[in-house]
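Trainee: got a sequence here, can you model it:
(one chain, ligands or ions: 8)
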Amino acid sequence: MFGAMLLSSIVLSLLLSVAAQGPSIDRQIAFLVNSSSPQINYPTDFTQNIVPKPIHSHNDYWRQVPLLTALSLGVASVEADVWLFNGTLFVGHELAALTPNRTFSSLYVEPLMQILAMQNPKDDFTVNQTGINGVFDMAGSIPLQLLVDIKTDGVETLPFVQAQLEPLRARGYLTTFTNGTLRESAITVVGTGNTPLDPVKALEPRDFFFDAPLNQLTDPSLNTTWGPGLSPLASVDWNIAVGWSGIGNISATQLGNLTQFVNDAHSLGIRARYWDLPGWPISARTAIWETLILSGVDWLNADDLEAAANF
Ligand SMILES: *[C@@H]1O[C@H](CO)[C@@H](O)[C@H](O)[C@H]1NC(C)=O
Ligand SMILES: *[C@@H]1O[C@H](CO)[C@@H](O)[C@H](O)[C@H]1NC(C)=O
Ligand SMILES: *[C@@H]1O[C@H](CO)[C@@H](O)[C@H](O)[C@H]1NC(C)=O
Ligand SMILES: *[C@@H]1O[C@H](CO)[C@@H](O)[C@H](O)[C@H]1NC(C)=O
Ligand SMILES: *[C@@H]1O[C@H](CO)[C@@H](O)[C@H](O)[C@H]1NC(C)=O
Ligand SMILES: *[C@@H]1O[C@H](CO)[C@@H](O)[C@H](O)[C@H]1NC(C)=O
Ligand SMILES: *[C@@H]1O[C@H](CO)[C@@H](O)[C@H](O)[C@H]1NC(C)=O
Ligand SMILES: *[C@@H]1O[C@H](CO)[C@@H](O)[C@H](O)[C@H]1NC(C)=O
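Mentor: Ligands and ions are numbered 1, 2, ... in the order given. Below is the predicted model of the structure:
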């Protein structure tokens, strides 16, 4: 009622003062956006209009504002390198980059708890809702992939990562594999780097997964039956598995490897990622990105998130 009156008075005043600043509908929109009307906001608008994209933010914590910068661009996978010292997990690429204030909890777990609390409001409208909304307002069922690259001893560090994830686990925010069934939730946590395979295999329920070796999924010597319940993701160093510089034509062998490994992953229900992609010259990077997408690769590993998001 009030809204209708407000609108009609705006319409009237705008019609009376036929403006030189463009159509009055634009001015009405500007007026309403500028107002503090409760009609212009909704509870889960933190990531309003952001289209999620299958991009992996390599070394995400290098950005001045980790996590949020990636989310603002719709990047649906982020990576934190973690180091265990005195019971705390610090985040950084190398020892010289660590500070007491940049921890796995402060940079990732706490902000994710805040964002997911906003995306999952508890009110009269949601009382009967059982599912969890993810971080992306536009596509609440798309999980954010959180890669945890363990830098210190894997067996020793893994339990600390598990413990730090407890607030997210307690709210049901973690994708979980229980008794043979995989249930996706807001965040899928995948261990890489020094993450030890056997302790991850032993987890039941499992809400911490293992980044499988993309070029060894059919290698029987690893004694492992790979699948999305253990490894929703498989990755390999581009330079070891394919090796094309992006300049000139990719060779038949290189293209054969690229597609073979992606197909191996897909036939097991696993998503594929190549890391350590050449980033320069830009023309070479573009050629590689195009070739990766044509090959069906699932995650585009990127340092320059804006370039990848606008690709
Ligand atoms: C926006 O609101 C402020 C404060 O109420 C006001 O001074 C300003 O003129 C408004 N701007 C527009 C474009 O309506
Ligand atoms: C770990 O704790 C010991 C003893 O309190 C302290 O001397 C050392 O500086 C700490 N190391 C780090 C990396 O915080
Ligand atoms: C930064 O870390 C120090 C040492 O752990 C702590 O005392 C301080 O409260 C932290 N500051 C912030 C802003 O988190
Ligand atoms: C929730 O379920 C109750 C019981 O079935 C029903 O009365 C109520 O209208 C539902 N609320 C919403 C918002 O769906
Ligand atoms: C696990 O799955 C099996 C077969 O689907 C079922 O019989 C069993 O009850 C389940 N156990 C639990 C703890 O859910
Ligand atoms: C696989 O199993 C064989 C036989 O038990 C063992 O010798 C080998 O070390 C295992 N390989 C791995 C990678 O665990
Ligand atoms: C293709 O993959 C095989 C098996 O992993 C590897 O030995 C070979 O070096 C790869 N080829 C290229 C061009 O990287
Ligand atoms: C690269 O491939 C294109 C298209 O197949 C071909 O026309 C061109 O001759 C190739 N260039 C080289 C240097 O092999």
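Trainee: stretch 286-302 vs ligand 7: in contact?
Mentor: No - using Cβ under 6 Å from any ligand atom, stretch 286-302 stays clear of ligand 7, coming no nearer than 13.6 Å. Where C-beta positions appear, they are placed from N, C-alpha and C, glycine not excepted.
Trainee: output that stretch in PDB with nothing but the alpha carbons.
Mentor: Output of stretch 286-302 as PDB, limited to C-alpha atoms (Å, rounded to 0.1, in the frame of the first residue of the first chain):
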ATOM      1  CA  THR A 286      44.300 -18.700 -24.200                       C
ATOM      2  CA  ALA A 287      45.200 -21.500 -26.600                       C
ATOM      3  CA  ILE A 288      45.600 -23.900 -23.700                       C
ATOM      4  CA  TRP A 289      42.400 -22.800 -22.000                       C
ATOM      5  CA  GLU A 290      40.500 -23.300 -25.200                       C
ATOM      6  CA  THR A 291      42.000 -26.800 -25.700                       C
ATOM      7  CA  LEU A 292      41.200 -27.700 -22.100                       C
ATOM      8  CA  ILE A 293      37.600 -26.700 -22.500                       C
ATOM      9  CA  LEU A 294      37.200 -28.600 -25.800                       C
ATOM     10  CA  SER A 295      38.700 -31.700 -24.200                       C
ATOM     11  CA  GLY A 296      36.000 -31.600 -21.500                       C
ATOM     12  CA  VAL A 297      38.200 -30.800 -18.600                       C
ATOM     13  CA  ASP A 298      36.000 -29.800 -15.600                       C
ATOM     14  CA  TRP A 299      38.000 -27.300 -13.700                       C
ATOM     15  CA  LEU A 300      40.000 -24.500 -15.300                       C
ATOM     16  CA  ASN A 301      43.000 -23.900 -13.000                       C
ATOM     17  CA  ALA A 302      43.600 -20.100 -12.900                       C
END
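Trainee: now the residue in the stretch 101-250 of the chain positioned nearest to ligand 7: how far from Asp211?
Mentor: Per Cβ to the nearest ligand atom, the residue of the stretch 101-250 of the chain with the smallest distance to ligand 7 is Gly243, at 4.1 Å. Here the criterion is Cβ to Cβ, to the nearest Å. By it, Gly243 lies 20 Å from Asp211.
Trainee: what about those two, which has more around it?
Mentor: Asp211 (22 against 14; other Cβ atoms under 10 Å).
Trainee: right, and that one touches Asn194 too?
Mentor: No - contact criterion Cβ atoms under 8 Å: Asp211 and Asn194 do not qualify, at 11.2 Å.
Trainee: so who does Leu84 touch?
Mentor: By Cβ atoms under 8 Å, 6 or more residues apart in numbering, the residues touching Leu84 are Thr152, Asp153, Glu156, Thr157, Phe160.
Trainee: check the first one and give its pLDDT.
Mentor: Thr152 is assigned a pLDDT of 98 by the prediction.
Trainee: could you do the fourth one as well?
Mentor: Thr157 is assigned 98 on the pLDDT scale.
Trainee: what's the helix or strand for it?
Mentor: Using DSSP states H and E, Thr157 sits in helix 154-164.
Trainee: kind regards, and thank you for your time.
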